[in-house]
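Novice: sequence first, predicted model second:
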Amino acid sequence: MSRPGFDAAAIYRTARERLVMLAPTLKPEQLATPVPTCPGWSVHDVYAHLAGLSSDVVEGEVSRPGSPEATAVQVADRRATSIGELTAEWSANASEIERRLAEGTASVRLAIDAWSHDQDVHNALGIVSGREGPGLELTVSGVWRLKRILAEAGTAPLRIITADRVWTIGDGEPGATLTIDTYELARMLLGRRSRAQMLAYQWQGDPEPYLAVLPVFGPADTDIVE
């Protein structure tokens, strides 16, 4: 479950530490701030999810701890839990999750989820933090999942160009080329951008065959600017 070239445990730990350090500084109105990239959730709810997910993973209580059903329970069960209790729960489970990530016995998606929600919270509060580094690079490496998806659909390969990298996803001549900022790519891949925003990117060729498969979740129902 590990991804070669990435220290998933360190990525998870860094995102968690940023959020844990932020938590005690947050006022009640900040904890109640809606998170645009997580519709229906407040900042507090994001912490509740991360704490609940960590317990579900360590305790093995649900077969799919990141499923919408499990996630809804994680948040609902902790609606009245203080932010201090949430970060304490998450921190208590952290060493076991990081051990599993280091061993490759836990899904690398846990690290991507932590980095993504770290960005969700900071951006919702108007704070720019942790946008560069291994968490970003791990997230954008998810473009390779498209190779199988495009091949099975009989869709031509896609070329993606960022400031420091060129991906050609698939074998053969690309049907389209997307030129995009690396951070924007990461956020779009995780469903943090709308279809209209995706269409507005710098494309060469027809983007339509790729819009539905680029984001793992989503796209977002409304435009999101971070």
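Specialist: Looks like it arrived, so ask away. Numbering: from 1, shown residues only.
Novice: go ahead and name everything in contact with stretch 9-17.
Specialist: Here stretch 9-17 makes contact (Cβ atoms under 8 Å, 6 or more residues apart in numbering) with 50, 90-91, 94, 97-99, 101-102, 110-111, 114-115, 117-118, 130, 133-135, 138. All C-beta spots, glycine's among them, are computed from the backbone N, C-alpha and C.
Novice: could you pick out the buried ones from these?
Specialist: 50, 90, 94, 97-98, 101-102, 110-111, 114-115, 117-118, 130, 134-135, 138 (16 or more other Cβ atoms under 10 Å).
Novice: name the next helix or strand downstream of the helix or strand Leu136 falls within, please.
Specialist: Using DSSP states H and E, Leu136 sits in helix 134-140. Remark: after helix 134-140, the chain's next helix or strand is helix 146-153, criterion DSSP H and E.
Novice: alpha carbons of that next one, as PDB, please.
Specialist: Below are the C-alpha coordinates for helix 146-153, written out as PDB (Å, rounded to 0.1, in the frame of the first residue of the first chain):
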ATOM      1  CA  LEU A 146      -5.900   7.500 -14.700                       C
ATOM      2  CA  LYS A 147      -3.800   5.200 -16.900                       C
ATOM      3  CA  ARG A 148      -6.000   2.200 -16.200                       C
ATOM      4  CA  ILE A 149      -9.200   4.300 -16.300                       C
ATOM      5  CA  LEU A 150      -8.400   5.800 -19.600                       C
ATOM      6  CA  ALA A 151      -7.300   2.500 -21.100                       C
ATOM      7  CA  GLU A 152     -10.500   0.700 -20.000                       C
ATOM      8  CA  ALA A 153     -12.700   3.500 -21.400                       C
END
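Novice: which SSE is immediately downstream of that helix?
Specialist: Per DSSP H and E, the helix or strand that comes after helix 146-153 is strand 158-161.
Novice: for the closest residue to Leu211 other than its chain neighbours, what are its contacts?
Specialist: Leaving aside its chain neighbours, Leu211 sits nearest to Met198 (5.5 Å; criterion: Cβ to Cβ, 6 or more residues apart in numbering). By Cβ under 8 Å, 6+ apart, the contact set of Met198 is 188, 207, 211, 214-215, 219.
Novice: helices of the chain, start to end?
Specialist: 8-22, 28-31, 43-59, 68-77, 83-103, 109-124, 134-140, 146-153, 182-189, 195-199, 208-211 (DSSP state H).
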